[in-house]
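Student: I would like to see how this sequence folds:
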Amino acid sequence: MEARKLLFSLLAEEVFGTECKKNVDEGSAERLYSMSKAHDLAHLLASPFERRGISHAGCEKQEMTAIYRYELSRHELASICRVLTKASVPHMLLKGSVIRDLYPKPYLRTSCDIDLLVREGDLTRAAEVLVQELGYTAEKDPAFHDLSLHSKSGVHLELHFSLKEHSQPMDEVLETVWDHAVLREGMTYVQDTEFLIFHTVAHMAYHFSHGGCGIRPFMDLRLLEQRATFEKEELLALCRRAGLEAFYRNALLLGEVWFGNASHTALTAKMEAYLLRGGVYGSTENHVALERQRAGGKLRYAFRRIWMPKEQLRLRYPKMKKSPLLIPWYQIRRWAEIVFRGRLKHAADEMRANREISYKASAATDGMMQELGL
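Tutor: Okay, here's the model as predicted:
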């Protein structure tokens, strides 16, 4: 418990400038490093440790990696925007590309990829331009809302043509994103601040309801609330339309517990436990606990994991919509991908979690989601 409180105090010192009067010894530094690394935040401890006279090789390495990732991403993003503007393709910056400007130093807000939005009708043209002009390689088929491309330098670009998460009524609001576009320069757009915060909340909610979203989005949200100018009622209206008001308010409160002076409620305490055991991408146990409740029990969950429902299969393989008679083929293709693309261990872990997680724990996780309106 004390290590957890110390971690959040040090993160608040680095990101929000609040004073942390707590000492850190060599022994607790290693524990803090392990906890923060699970959430891709170890680089944020390098300076707080240094100010306390602690040299931690792991945190220092993570800081250097974060700086390198930021500079590489910044260079690639500038090139992408330049060639898309030259090709007259409107494009919108998403997520970390915008939010990192609110951090004390932009490299503190790490990201594993670049997220960019184009209109669906411009997707093919945008991909062609990036391949021809910058040497990107593109995946053969788009996923349900984006196309993955990779630069020669190893940067992963998610070229979105939609923000939908296949969750109503949230998607109805996310689909209005171009109504909230603000021109930055050339053909490069950003979201207006109200929609930027809403999209942050919606993306958090999606990942939270599928196993966890880590600590970083709560830092993003708190920075947006504190340092951006926006109309609160407009933001609340977006959240209400999307059914996310309860989640938004409790996410704000949890951020205040972690990085401010608020005390836990019963609900935020449950959220914290769920998030901390999930890590930056969520955990298999969290995901299975939720999906098993939605499926209606252990056996039904296991059956759905073997024979994926056709609605989910269509999301995974969009081309299937044009050929519904090929459902058996796509089931076989999915099994082959599990075996030959390194997913067999993950599938086995899901089945193990399904056997081991108690009905009580699964129901408790589902109950938390219901309290949050998810």
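Student: ranges for the strands of this structure?
Tutor: Counting by DSSP state E, the chain has strands at residues 91-93, 114-117, 137-138, 146-150, 156-160, 181-185, 188-191.
Student: Using JSON lines, lay out these together with distance to residue 28.
Tutor: Every C-beta, even on glycine, is put in place using the N, C-alpha and C of the backbone. What follows is the strands of the chain, written out as JSON lines (distance: least, CB to CB, whole Å):
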{"stretch": "strand 91-93", "distance to residue 28": "38"}
{"stretch": "strand 114-117", "distance to residue 28": "35"}
{"stretch": "strand 137-138", "distance to residue 28": "44"}
{"stretch": "strand 146-150", "distance to residue 28": "39"}
{"stretch": "strand 156-160", "distance to residue 28": "35"}
{"stretch": "strand 181-185", "distance to residue 28": "43"}
{"stretch": "strand 188-191", "distance to residue 28": "40"}
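Student: so which of these gets nearest residue 336?
Tutor: Using CB to CB as the measure, strand 146-150 is the one of the strands of the chain that comes nearest residue 336, at 19.6 Å.
Student: Settle this for me: residue 9 is touching residue 24, isn't it.
Tutor: No. The criterion here is CB atoms under 8 Å, and residue 9 misses it with residue 24 at 9.9 Å.
Student: Compare these two (neighbour count), which wins?
Tutor: The neighbour comparison of residue 9 against residue 24 (other CB atoms under 10 Å) goes to residue 24, with 21 against 18.
Student: nearest to residue 326, of the strands of the chain?
Tutor: strand 146-150 (21.6 Å).
Student: quick one: residue 142 from residue 226, how far?
Tutor: According to CB to CB, to the nearest Å, residue 142 and residue 226 sit 36 Å apart.
Student: who has more neighbours, those two?
Tutor: Legend: neighbour count by other CB under 10 Å for residue 142 and residue 226, higher for residue 142 (20 against 12).
Student: tell me the contacts of the more buried one?
Tutor: Residues near residue 142 by CB atoms under 8 Å, 6 or more residues apart in numbering: 123, 161, 318.
Student: For residue 44, which non-adjacent residue is closest in space?
Tutor: Spatial nearest neighbour of residue 44, excluding adjacent residues (CB to CB, 6 or more residues apart in numbering): residue 14 at 4.9 Å.
Student: So what's the residue count around residue 83?
Tutor: Neighbour tally, residue 83, other CB under 10 Å: 16.
Student: is it true that it touches residue 135?
Tutor: No. With contact defined as CB under 8 Å, residue 83 does not reach residue 135; the gap is 10.9 Å.
Student: per-residue confidence for the residue nearest to residue 44?
Tutor: The model reports residue 14 with a pLDDT of 97.
Student: ok, how many other residues are close to it?
Tutor: Using other CB under 10 Å, residue 14 has 22 other residues around it.
Student: How about residue 34?
Tutor: Neighbours of residue 34 using other CB under 10 Å come to 12.
Student: likewise residue 217?
Tutor: Residues near residue 217, counting by other CB under 10 Å: 22.
Student: which ones are touching it?
Tutor: Here residue 217 is in contact with 200, 203-204, 207, 251 (criterion: CB under 8 Å, 6+ apart).
Student: Distance from stretch 94-110 to the middle of the chain?
Tutor: Relative to its chain's centre, stretch 94-110 lies at 14 Å (CA atoms, centre = their mean, to the nearest Å).
Student: who's sitting farthest from the centroid in the chain?
Tutor: Most distant from the centre of the chain: residue 325, at 34.2 Å, with distances by CA atoms, centre = their mean.
Student: re the thing from before, out of the contacts of residue 217, which one sits closest to residue 313?
Tutor: residue 207 (21.4 Å).
Student: Once you drop chain neighbours, what's closest to that closest one?
Tutor: Ranked by CB to CB, 6+ apart and with sequence neighbours excluded, the top spatial neighbour of residue 207 is residue 213, at 3.8 Å.
Student: Quickly note the distance from that neighbour to residue 165.
Tutor: 12 Å.
Student: which of the two has more neighbours?
Tutor: With neighbours defined as other CB under 10 Å, residue 213 and residue 165 compare such that residue 213 has more, 24 against 18.
Student: Could you list the low-pLDDT ranges of the stretch 251-374 of the chain?
Tutor: Along the stretch 251-374 of the chain, segments meeting pLDDT under 70 span 281-284, 287-290, 292-293, 295-296, 301, 320-324, 346, 349, 353-354, 356-360.
Student: Quick check: buried residues in the longest helix along the chain?
Tutor: Identified as the longest helix of the chain according to DSSP state H is helix 57-86. Neighbour-count burial for helix 57-86 flags 58-60, 62-63, 66-67, 69-70, 73, 76-77, 79-81, 83-84 (criterion: 16 or more other CB atoms under 10 Å).
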